[in-house]
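[1] pasting a predicted model and its sequence here:
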Amino acid sequence: MWISKGEIEELSQYIKECNAKEFPDIRDNKEGPYSILKNDIYMLIHAKNEELRNIYAERDALSEYMSDISHQLKTPITSMLIMLDLLENAGPEKREEFIRNIKFSLTKMEWLVEALLKMAKIDANAVDFVKKKTAVSEILKEVEASVAILLDVNDQVIEQKADVEISCDKKWMAEALTNIIKNAIEHSPSGSVIFVDCGENPLYYWISVKDSGTGLERNSYSAIFKRFEYSTNENGFGIGMPLALKIVKGQGGDIDVDFGGNGEGATFTIKLFK
């Protein structure tokens, strides 16, 4: 088949201009080597542009993580620098207070960085979730160890209503459940009970966490799972629930919310689809 000079020049110009995000579809349904060539060039350009979009998206995500970390670390670092300046001339009691506050700030910063790195790994698909049959009671033991101090300070207890074996990555599920229970502790009064229930049906395994608070506003739903948007605790970052959701979604599940109210606390239910 003869290909004219004009057709070659037209194709050459198309290739030069194809770096734009949107480019015309030059494919056709005709037969012959020229049509095959045009189709192949279009598919090659499309694949290249898609790869570039993914690279730009990863770059933007990394930039966002760095911005988040910078923003959240700025306040405690500034606070610690001020306390360090005052430490030299402070009396014994003030020195002890400053040192205690600095240790507390460092602990918060360490948790924040670890949580953000975990989220970044999940976003980058760098986590291999290994699912095994595990009893919810075994997962809850790890959770209770992580929140023992918070429960003690708030005079709260966790009550498990039932037990069942679920298919999940035990380590990561404990991380997700810990963050959900921390949220329940934050929204429950002193001396109250955090209720944990679980079960399964033909579609999914489930674990529910119900607090003893007054319920949540429905207009807060979009903020609950958005980083740094939702935290009623002055020491919180608003990152625990977003991390929990990412972990659950990474294992093929989701989190449902019953907002409660009218004397009922909110309930967060992890669903792991079979």
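    Here it is on my side, so go on.

[2] can you show me the strands along the stretch 151-274 of the chain?
    Secondary structure of the stretch 151-274 of the chain (DSSP state E, counting those that start in this stretch): strands at 157-160, 165-168, 193-200, 204-210, 253-258, 267-273.

[3] what pairs with the fifth one, and is each one parallel or antiparallel?
    Each strand pairing with strand 253-258, determined using DSSP bridges, is listed with its direction: strand 267-273 (antiparallel).

[4] thinking again about what came up before, redo the strands of the stretch 151-274 of the chain as CSV? Include mean pLDDT.
    Shown next, in CSV, are the strands of the stretch 151-274 of the chain (pLDDT from 0 to 100):
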stretch, mean pLDDT
strand 157-160, 96
strand 165-168, 95
strand 193-200, 96
strand 204-210, 96
strand 253-258, 94
strand 267-273, 96
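
[5] and of the ones you listed, who's closest to Ser105?
    Across the strands of the stretch 151-274 of the chain, Ser105 has its closest neighbour in strand 193-200 (27.1 Å, CB to CB). For every residue, glycine as well, the C-beta is placed using N, CA and C.

[6] what pairs with the closest one, and is each one parallel or antiparallel?
    The strands that strand 193-200 pairs with in its sheet are strand 157-160 (parallel), strand 204-210 (antiparallel) (by DSSP bridges).

[7] residues contacting that strand, please?
    By CB atoms under 8 Å, 6 or more residues apart in numbering, the residues outside strand 193-200 that reach it are 136, 140, 156-164, 166, 181, 184-185, 188, 205-212, 274.

[8] report pLDDT for Ala20.
    Looking at Ala20, its pLDDT reads 53.

[9] all helices for this structure, in order.
    Taking DSSP state H as the criterion, the chain carries its helices at 5-16, 33-87, 92-123, 136-153, 170-186, 221-224, 240-250.
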